[in-house]
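Q: The sequence and its predicted three-dimensional model are supplied below.
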Amino acid sequence: MKVGRRSFLSFIIGGAAGTALSPLPWKLTDDLSIWTQMWPWTPVPKDGAVSYTGSTCTLCPAGCGINVRMVDGRAVKIEGMEGHPINDGGICILGLSGLQLLYGPTRVKGPLKRVGNRGSGRWVSISWEEAIEEVAGKLTEIREQGRPEALAVFSGKRRGTVPALVSRFTTAFGSPNFVTAASTQDSYELALHRMQGVQAAAGLDLANTDFLLSFGSGILDGWGSPVRMFRTHSALKDGGGKLVQIEPRLSNTAAKADQWIAIQPGTEAALAFGLAHVIILEKRYRTQFVSQYGEGFEAFRQMVMTDYTPDKVAKITGIDPKTIVTLAREFSRSSTPLAVCGKGGGDVPGSMNEFFAVHALNALVGGINRPGGIWAVPESGDFGWPDPEMDETAARGMQQDRLDGAGAPPYVAMAALPNRFFEAVAGGKGYPLEALFVVESNPCFTEPDPETVKAAFSKIPFVVSFSSFMDETAQNADLILPNHVYLERYEDVPNPAGFNRPFVGLVQPVVDPQFNTRNVGDVMIALAQGVGDPVASAFAWDGYEACLEEAYPDQWDSLTSEGYWMAEDFDPAPWPEAFETASGKFEFVPEGLQRGYVPVEIAGEKGGFPLVLTPYDSMRISSGYVGNPPFMTKTIPAEVLKGKELLVELNPQTADQLGFSEGSRAVLATPVGTANVRVHLYDGIMPGLVAMARGLGHTAYDKYLADKGTNVNRLIGPTADPVSGLNAAWGIRAKLTRA
Amino acid sequence: MSTVDEHEKDMPSEDSGGKGPPSPDPEQKNKATAYVIFFFFVGLIASLIVGWIIFPQLLYSQKEQPINFNHALHNELVGDCASCHYFREDGTFSGVPDLWSCVDCHMDVQGEDPEEEKFVTEYVWQDREVPWLVYSKQPDCVFFSHAAHVLSGGMDCVTCHGHIGESEHSKVYEENRITGYSRDIWGRNISGFKRNSWDRMKMDDCADCHEEARDSATKDEPRAPVGRVIDNIIRVAFPGTYADNKGGSVQTQRGACFKCHK
């Protein structure tokens, strides 16, 4: 039998018919569609029992309570803690993205020792024992040379047990050089110190404020405690209160405010005097406070009455005189008005002249230590530890001047001056340093003019970073002793930014450490043992956890059960007891205010640099120690970051004069540096200004963050405030040319 | 079978008059047709055998459970399904019990069953979870709430899971080689027909009940047409008055795709 073509076709047709009548094609189609969901790269969330673990967020100084949703022991979502005094269930975009820091690729997975040149990124893993031995060996060497002051520490935080342990270590070792990063909170503290004579944190009784006058503070752009500020804004809206934003740029805060008043940048103090002029002229101030508890009011009155009439202030600030008068009336007519300052996110300390002027305004309307006003809140910090015993070497080291000049004239009241520290080291002033510890901070990115920081690093032979992440500073270190991420460790968060009651939040481990990391507190104790007496005897704790519990004997129960401790019935000192100045009264004219409005001089000549560059902060960009997690970077609009290029905001009128159009590429030059940028035309920025987002332009971290945009700190150098010595630069002169 | 000769025979004749071509042999033609029909059936039957018998056998691999579990025995001892397959405090369903649930009784070997001994020595003592093969495991995109069906809907376990609670041995786990899921999802019957509600766990089987529930809900709608008109006016005038209007859409309302396919 020969099989012919017809029979073959017939066979095929029969087969096709049979197949169609069998379940094969239908089942196969169904299975293949399910198979497409089974590809190995498809993420599959693990199933399991759901639980919540409470803790405190440390990613900014806000101190928000968090509840971490866990599935089968794995953290899957961070939520705001319901009923928490600061955030009551709310959470910001950075807090929400925290898991990407825990599980993300930028973690340092264990102690690393540099093998190549500094910054070349060549590391070798070492054990913790080797790491401690290496650091302790180096420190012992320094002490044996009799130069303990050659150790310096740069800490991102000043309050809490961990900075206290690091500071204690530095002191017991014999070095005065414990330096901390600075922010608006430091300027507020100095204002309270100079005008009220107290050593206290500035707390804002926002719940009772009915008129919030913001001198450029980004109420909705990350200032202070962002979630609390968002809630304040909502409460103001709901309760018929008012928010007035004074700022040269239409920020989110300005856009959402009841009134936005555009001002020439840097002239805020003059406006505060102008408002004071109207309030005094129309006798709208609290006479009782001013007469009984005010010192130097007459001098203040004369100053503002002669030099700060609305017309004169209008010339300085660019604000219509009528607007000034109306604003002053509305402000003083409110029952509980509050004026705040510290620009943008409040990361840069700012001009004391401005802080004094704004604080004087609060005093005029009787807002000091009163409902809805600004309160002096005692700072936590005394943990009852005995002073460390010092041997001769340590005592001699402590006699040396601090390299940053803090605590000595003219900056007697200051604890640390970070900008001056790096300038001094880079410039070779004072004595040379042998070793630097960098704790919970990234100065090679966050400090103004990071090139100066790097130059300072190059003069220090031994730099140890305690960073959890491979950030710019860790990259430039010799040794990395990685800290646990906040979700893996214990820590205390005392005095959250701007909170008006004594408060401590407890950070608790939510998950087991993912990598071979250690709490800085524990490392400090181990290092002290490694260095030996007398340092070791100052660190008699078994470990950091024991030390933490011991530091809060009365609060510990509340800390562990509630997640925080708050002095519920705290009332600020009443006026008769509130002021500890020489006169026992509120100082209206402290040193730094006698000459009235004194602008902070920004660098650059008008001729060569016709424009002014000002940085701005955004809730979508984390500009501090922690860089943007990928979730956050995804939310940055294309008008700010397009691909890898950063866009600067320029008023269309200025752009027209310079010949720029939307998206033009340009070179932005300042006396400090240059950067390639693109131009975004924005009616919300004052003509003559260039606004640039802060927090982009990382060179370290992962592919989601590195090489995106430009770091504005690279273009703006620090300007030391004459009173505080802290950085007060709000901008810099700049030039835009076609690329 | 097809030959040149045959083709020639099929060709139209050039001269239609005259003698004409030799007429085809009717016997040969019948034979050719028979062959064509025969091969059609060969193909048909072969593919039916492949489709109905061989394919199902090739599609599934057979796996034994790590421990041969006796549901009947345990059920007798602990009382009901919920003792081991319980709802957690937050309403989520625990599913297959973890080791922690078993150690209460099985910290040590109790009986003489070698399977129990294996369980205690290889898993309990070594603190290792048993890698149970789950017959009812669904793809991850499927959202299914046991609480909604059992606690709110009052359904019993048997409706979907059958009489597994009465089994004395773990049945063989037949794993689909393509999807990795159990044969129990599609059902034993390769054609997809089922006799009992627990024979299959595909979407259509969910729909069986849900469509019924929807239809009866509409049918038993107690409100008269006038009442419904008033309802609609209220819905438009005061949006959010009725709970089902809140955040609902074609995609998320009752019976819509996104209700289960998250």
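A: Arrived safely.
Q: low-scoring stretches of the chain, by residue?
A: Since no chain was named, I'll use chain A. Along chain A, the model assigns pLDDT under 70 to residues A:1-2.
Q: my bad, chain B
A: Chain B contains residues with pLDDT under 70 at B:1-24, B:217-225, B:227-228, B:239-255.
Q: Looking at it, which residue is nearest chain A?
A: Of the residues in chain B, the one nearest chain A is B:Gly51, at a distance of 2.1 Å by C-beta to the nearest C-beta. Where C-beta positions appear, they are placed from N, C-alpha and C, glycine not excepted.
Q: what's near enough to touch the closest residue to that residue other than its chain neighbours?
A: Among residues not flanking B:Gly51 along the chain, A:Ser22 sits closest, at 2.1 Å (C-beta to C-beta, 6 or more residues apart in numbering or on different chains). By C-beta atoms under 8 Å, 6 or more residues apart in numbering or on different chains, the residues touching A:Ser22 are B:47-48, B:50-52, B:55.
Q: can you list those in TSV and add secondary structure, distance to B:Asn30 and neighbour count?
A: TSV is the format used below for those (DSSP: H, G, I helix; E, B strand; the rest coil; distance: C-beta to C-beta, whole Å; neighbours: other C-beta atoms under 10 Å in any protein chain shown):
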residue	secondary structure	distance to B:Asn30	neighbour count
B:Ser47	helix	26	23
B:Leu48	helix	26	19
B:Val50	helix	30	16
B:Gly51	helix	31	24
B:Trp52	helix	32	16
B:Phe55	helix	36	20
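Q: now, among the residues you listed, which is nearest to A:Val485?
A: Set against A:Val485, the nearest of the contacts of A:Ser22 by C-beta to C-beta is B:Phe55 (52.0 Å).
Q: ok, so what distance separates the closest one from B:Glu166?
A: 32 Å (C-beta to C-beta, to the nearest Å).
Q: For the residue of chain B closest to chain A, give its distance to B:Glu122.
A: 41 Å.
Q: same question, A:Val463
A: For A:Val463 relative to B:Glu122 (C-beta to C-beta), the value is 52 Å.
Q: Of those two, give the one with the bigger neighbour count.
A: The neighbour comparison of A:Val463 against B:Glu122 (other C-beta atoms under 10 Å in any protein chain shown) goes to A:Val463, with 24 against 13.
Q: List the contacts of the more buried one.
A: Neighbouring residues of A:Val463 by C-beta under 8 Å, 6+ apart: A:435-436, A:438, A:457, A:476-479.
Q: what do you get if the cut-off is 10 Å, keeping everything else the same?
A: A:Val463 sits next to A:114, A:118, A:152, A:154, A:433, A:435-438, A:456-457, A:473-474, A:476-480 when contact means C-beta atoms under 10 Å, 6 or more residues apart in numbering or on different chains.
Q: Check A:Val511 too.
A: Contacts of A:Val511 by C-beta under 10 Å, 6+ apart are A:53, A:68, A:70, A:73-75, A:99, A:102-103, A:484-485, A:487-488.
Q: Let's see that with 6 Å instead.
A: With contact taken as C-beta atoms under 6 Å, 6 or more residues apart in numbering or on different chains, A:Val511 is in contact with A:75, A:487.
Q: Give me the phi and psi angles of it.
A: phi -130, psi 160 (degrees, to the nearest 10).
Q: what's the distance between it and A:Arg501?
A: Remark: distance between A:Val511 and A:Arg501 (C-beta to C-beta) = 31 Å.
Q: Pull out the CA atoms of stretch A:351-364 and give them to me as PDB.
A: Provided in PDB are the C-alpha atoms of stretch A:351-364 (Å, rounded to 0.1, in the frame of the first residue of the first chain):
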ATOM      1  CA  SER A 351      21.000  84.100  59.600                       C
ATOM      2  CA  MET A 352      20.700  84.900  63.300                       C
ATOM      3  CA  ASN A 353      19.700  88.400  62.500                       C
ATOM      4  CA  GLU A 354      16.600  87.000  60.900                       C
ATOM      5  CA  PHE A 355      15.900  84.500  63.700                       C
ATOM      6  CA  PHE A 356      16.200  87.200  66.300                       C
ATOM      7  CA  ALA A 357      13.900  89.500  64.300                       C
ATOM      8  CA  VAL A 358      11.300  86.900  63.900                       C
ATOM      9  CA  HIS A 359      11.500  85.800  67.500                       C
ATOM     10  CA  ALA A 360      11.100  89.400  68.600                       C
ATOM     11  CA  LEU A 361       8.000  89.500  66.500                       C
ATOM     12  CA  ASN A 362       6.600  86.600  68.500                       C
ATOM     13  CA  ALA A 363       7.500  88.300  71.700                       C
ATOM     14  CA  LEU A 364       5.700  91.500  70.600                       C
END
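Q: Cool, thanks, signing off.
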